[in-house]
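Chemist: whatever this is, show me its structure:
(2 chains)
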Amino acid sequence: AQSVAQPEDQVNVAEGNPLTVKCTYSVSGNPYLFWYVQYPNRGLQFLLKYITGDNLVKGSYGFEAEFNKSQTSFHLKKPSALVSDSALYFCAVRDMDSNYQLIWGAGTKLIIKP
Amino acid sequence: ETGVTQTPRHLVMGMTNKKSLKCEQHLGHNAMYWYKQSAKKPLELMFVYNFKEQTENNSVPSRFSPECPNSSHLFLHLHTLQPEDSALYLCASSQDFTETQYFGPGTRLLVL
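Modeler: Have a look, this model is predicted:
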């Protein structure tokens, strides 16, 4: 069965430190992988996606994510966190070989402390 | 947010009311989606429309009724809802099924 896991409900990082938000997935075919961010009282905003090619994907607001096929992971990273990065982050996967529906993680709340 | 808009942003309704949520996309996309977002749970896909045709209905109760009059507009008609239907309802659109989905700000629904 297809699934996405975001193992941490919440991640706390000090401003200026690097941050990582974890995501692992399970699909039977080749994955499309996505990261979205949700600020309070807002919809989801697209950050980045992996389809094929370079395993390191760069996205909006200085975020990047690394696709690791052997570990079936797609962790979101940023070298230096900002207080304004505090938000809810969602990972999603689509199985390219079976269907088009996105399978979503439950979200990780990122808190950046000054 | 001019890409995908949703109205109203907030809605309080009784269990016997009938109301409708509206979504409009200004991106020229061909696919539109309704999602339900509840706290600390993955997004739940409710309905998918492609070129105005409904292609997915993920076992959604009949008290939710979608309508897609054209590729730019999507409605969700609500009637005799239950308190457990209280949630954030998100609309999204994409160029086609395989492309990135773009979301509206959502309608926060409270059923009393």
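
Chemist: residues from chain A in reach of chain B?
Modeler: A:4, A:9, A:32, A:34, A:36, A:41-46, A:49, A:90, A:92, A:94, A:96, A:100-107 (Cβ under 8 Å from any Cβ of the partner chain). Just so you know, the C-beta spots here come from the backbone N, C-alpha and C atoms, and that holds for glycine as well.

Chemist: how about the residue nearest the centre of chain B, what does it touch?
Modeler: Against the mean C-alpha coordinate of chain B, by Cα atoms, centre = their mean, the closest residue is B:W34 at 3.2 Å. Applying Cβ atoms under 8 Å, 6 or more residues apart in numbering or on different chains to B:W34 gives the contacts B:C23, B:L45, B:M46, B:F47, B:P66, B:L74, B:L76, B:Y89, B:L90, B:C91.

Chemist: now that we have those, which one has the most neighbours?
Modeler: Most neighbours among these, by other Cβ atoms under 10 Å in any protein chain shown: B:C91, with 29 neighbours.

Chemist: now that one, nearest residue through space, not along the chain?
Modeler: Sequence neighbours aside, B:C23 is the residue nearest to B:C91 in space, at 3.4 Å (criterion: Cβ to Cβ, 6 or more residues apart in numbering or on different chains).

Chemist: any low-confidence regions in chain A?
Modeler: Applying pLDDT under 70 to chain A flags residues A:96-99.

Chemist: mind listing the helices in it by residue range?
Modeler: Here chain A has no helices by DSSP state H.

Chemist: what residue in it is the furthest from its centre?
Modeler: Residue farthest from the centre of chain A, counting by Cα atoms, centre = their mean, is A:P114 at 22.8 Å.

Chemist: among the residues of chain A next to chain B, name the buried ones.
Modeler: With neighbours counted by 16 or more other Cβ atoms under 10 Å in any protein chain shown, these contain buried members at A:4, A:32, A:34, A:36, A:43-46, A:49, A:90, A:92, A:94, A:100-107.

Chemist: among the helices and strands of chain B, which has the poorest mean pLDDT?
Modeler: Least confident helix or strand, chain B: strand B:53-57 with a mean of 74, by mean pLDDT, DSSP states H and E.

Chemist: how far off centre is the next helix-or-strand element following that one?
Modeler: Using DSSP states H and E, the next helix or strand after strand B:53-57 towards the C-terminus is strand B:64-70. Centroid separation between strand B:64-70 and its chain, computed with Cα atoms, centre = their mean, to the nearest Å, is 9 Å.

Chemist: and strand B:64-70, what other elements does it pack with?
Modeler: strand B:44-50, strand B:53-57, strand B:73-79 (3 or more Cβ pairs under 8 Å, 6 or more residues apart in numbering or on different chains; DSSP states H and E).

Chemist: pLDDT weak spots in chain B?
Modeler: B:1.

Chemist: could you redo the last one with a cut-off of 90?
Modeler: B:1-2, B:14-17, B:39-41, B:50-59, B:71, B:96-99 (pLDDT under 90).
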